[in-house]
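build me a model:
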Amino acid sequence: MTARDARLHAFRSDLADVRLKGEVAADRFVAGRPARISASVADIRKAPRPDAGVDTQLLFGDDVLVFEDVEGWAWIQAERDGYVGYVADTVLGARGHTPTHVVSVPRTFLYPGPDLRFPSNGQLSMGSAVTVTGAAETRGTHYALLPSGEAVISGHLRPLNKPAADYVAVAETFLGTPYLWGGASGFGIDCSGLVQLAMHMAGRQVLRDTDMQAATIGEPLDPDRDSAGLRRGDLVFWKGHVAVMTDPETMIHANGHTMLVSREGFREAVARIGYLYGGPTGFRRP
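So this is what the prediction gives:
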């Protein structure tokens with residue numbers, strides 16, 4: 001049997017994805033049932049319990065495969081990045097209309113109709129995928145209409161086939177967003193979640209966790225002793241942490257020091273982080 005990362009492959013001793021048959025041992029193999037995230041944000045947990053740790057999050061419109069649904073918890077795999085874990089089954093819906101647009105601002109509101117004076121029905125994060133079926137204008141404000149009859153500010157969306165040109169510019173729009181362990185949305189985000197979501201908006205799909213990103217994104221760099229030669233978009237890794245260079249001297253990262261997405265001088269960060277956790281473990285250029 002081939003060793004597999006359980007974060008990215010759905011297998012347990014009692015149950016596994018049928019696509020892994022012959023590669024992993026399990027009592028039973030099943031095909032995943034297609035479903036879609038219908039909640040604003042869905043926590044993926046390590047275990048089917050409300051007190052289990054959150055590994056990552058999925059967004060409204062994300063497609064998943066469901067391998068098991070028992071006692072209010074579904075064991076799923078995200079199709080966007082392959083992450084496996086447990087979600088409350090209340091966040092799942094059927095795959096219906098094909099998404100046409102994606103939320104392109106950190107956060108936006110869902111309205112019951114095309115009027116910003118209506119009480120909102122909820123919120124959506126950047127990266128949420130929606131289906132636009134129409135348009136409306138009320139007092140000069142333009143709205144995109146969804147199959148549910150709800151409305152979103154049209155300027156907060158962009159077509160799925162038009163990715164952002166600069167992933168770093170996307171990351172910079174999250175400045176001031178609260179840090180959240182396992183967070184992957186505009187309501188709260190962690191270091192690798194920021195990298196993944198910003199790159200997703202620029203049309204590049206990367207893996208979720210820091211160790212995965214350090215092994216797979218772009219090409220490794222070997223800067224000199226003073227880290228000269230780093231440029232905008234380069235990634236700096238520490239054990240369990242990642243930051244994005246915004247220029248040769250400055251970086252942006254979601255961090256537990258400020259508990260925000262914030263800018264920090266690169267050399268200042270190396271000194272501060274090194275005091276407790278050691279120096280950078282690697283550099284990569286996407």
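
next SSE downstream of the helix or strand bottoming out on mean pLDDT in the chain?
Ranked by mean pLDDT, DSSP states H and E, the helix or strand of the chain with the weakest confidence is helix 266-277, at a mean of 92. Note on helix 266-277: by DSSP states H and E, the next helix or strand toward the C-terminus is strand 282-285.

pull out the buried positions in that next one.
283-284 (16 or more other Cβ atoms under 10 Å). Bear in mind the C-beta positions are built from the backbone N, C-alpha and C, glycine included.

report the backbone C-alpha coordinates of that strand in CSV.
The C-alpha coordinates for strand 282-285 follow below in CSV (Å, rounded to 0.1, in the frame of the first residue of the first chain):
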residue,chain,number,x,y,z
GLY,A,282,12.7,28.3,3.2
PHE,A,283,11.8,30.7,0.4
ARG,A,284,9.8,30.0,-2.7
ARG,A,285,8.9,32.0,-5.9
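
which other helices and strands contact the least confident helix or strand of the chain?
In terms of contacts (3 or more Cβ pairs under 8 Å, 6 or more residues apart in numbering; DSSP states H and E), helix 266-277 is packed against strand 235-238, strand 241-247, strand 250-255.

those strands: which one's closest to residue 194?
Across the helices and strands packed on helix 266-277, residue 194 has its closest neighbour in strand 250-255 (4.7 Å, Cβ to Cβ).

tell me which other helices or strands the closest one touches.
Against strand 250-255 (3+ Cβ pairs under 8 Å, 6+ apart) you get helix 167-172, helix 191-201, strand 241-247, strand 260-265, helix 266-277.

and it, which strands flank it?
strand 241-247 (antiparallel), strand 260-265 (antiparallel) (DSSP bridges).

tell me the most buried of the ones you listed?
strand 241-247 (a mean of 22; mean count of other Cβ atoms under 10 Å).

how many other residues sit next to residue 227?
18 (other Cβ atoms under 10 Å).

which residues of the chain score low on pLDDT?
1-2, 224-226 (pLDDT under 70).

got the domain boundaries for it?
Split into domains by automatic domain parsing, the chain comes to 16-93, 101-159, 167-285.

thought residue 165 was touching residue 204?
No: the criterion here is Cβ atoms under 8 Å, and residue 165 misses it with residue 204 at 11.7 Å.

much appreciated, bye for now.
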